[in-house]
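Take a look and give me a structure for this.
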Amino acid sequence: MQEFKVKNQSPELIIELSGEIDSGNADEFYEEFVKNYQTPSNVVFECGKVEFIDSTTLGVFVKILKRIRSDGYSMKITGLIPRLKKLFVICSLDTIMEIA
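Next up, the predicted model:
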C-alpha cells in the first residue's frame, strides 16, 4: 500500500510518498503523478516514509524523469532510507537523477 500526497504545486511540485510501491500499485503511482503534473515544473519526491520499492517502481521513476526532462525540468528524490538509496546506487540511477 502506498500513499501519494501533494505538498506543494508551485514553484515546484513536491510529492510525499509513503508505504510500499511495487508492481501491484506502480501503475497507480504513475497515474497519480500524471494527474498532478499538469503544469510542467521541477519535481521533488519526498520518500522518507517509503518502506519498500521494487524494480517496477524504479522503472516508473525513470519514466517520470524522462517526461520531466522532456519538458526541460529536473527531478529530485529525497529522504530515502539507506537500504532503498543503495538500490538506486546499485542500479546507477544516481547518475541520471538527483538523489539527496
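
Now the helix or strand where K35 lies - C-alpha only, CSV.
Secondary structure assigned from DSSP states H and E places K35 in helix 26-36. Written as CSV, here are the backbone C-alpha positions of helix 26-36 (Å, rounded to 0.1, in the frame of the first residue of the first chain):
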residue,chain,number,x,y,z
ALA,A,26,3.2,1.2,-9.6
ASP,A,27,0.7,2.0,-12.4
GLU,A,28,-1.5,3.8,-9.8
PHE,A,29,1.6,5.7,-8.7
TYR,A,30,2.3,6.8,-12.2
GLU,A,31,-1.3,7.8,-12.9
GLU,A,32,-1.4,9.9,-9.7
PHE,A,33,1.8,11.6,-10.9
VAL,A,34,0.4,12.4,-14.3
LYS,A,35,-2.8,13.7,-12.8
ASN,A,36,-0.9,16.2,-10.6
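
That helix: which residues count as buried?
For helix 26-36, burial by neighbour count (16 or more other C-beta atoms under 10 Å) applies to A26, F29, Y30, E32, F33. (C-beta placed from N, C-alpha, C; glycine too.)

where does this structure dip in pLDDT?
Under the criterion of pLDDT under 70, the regions of the chain flagged as low confidence span 1.

Run a quick neighbour tally on K49.
Here the number of neighbours of K49 (other C-beta atoms under 10 Å) works out to 14.

Now it. Nearest residue, chain neighbours left out?
The spatially closest residue to K49, leaving aside those adjacent along the chain, is S18, at 3.4 Å (C-beta to C-beta, 6 or more residues apart in numbering).

Could you do V62 as well?
Once flanking residues are discounted, V62 sits nearest to L93: 7.1 Å by C-beta to C-beta, 6+ apart.

residue contacts, that neighbour?
Remark: with contacts taken as C-beta atoms under 8 Å, 6 or more residues apart in numbering, L93 is in contact with L58, F61, V62, I99.
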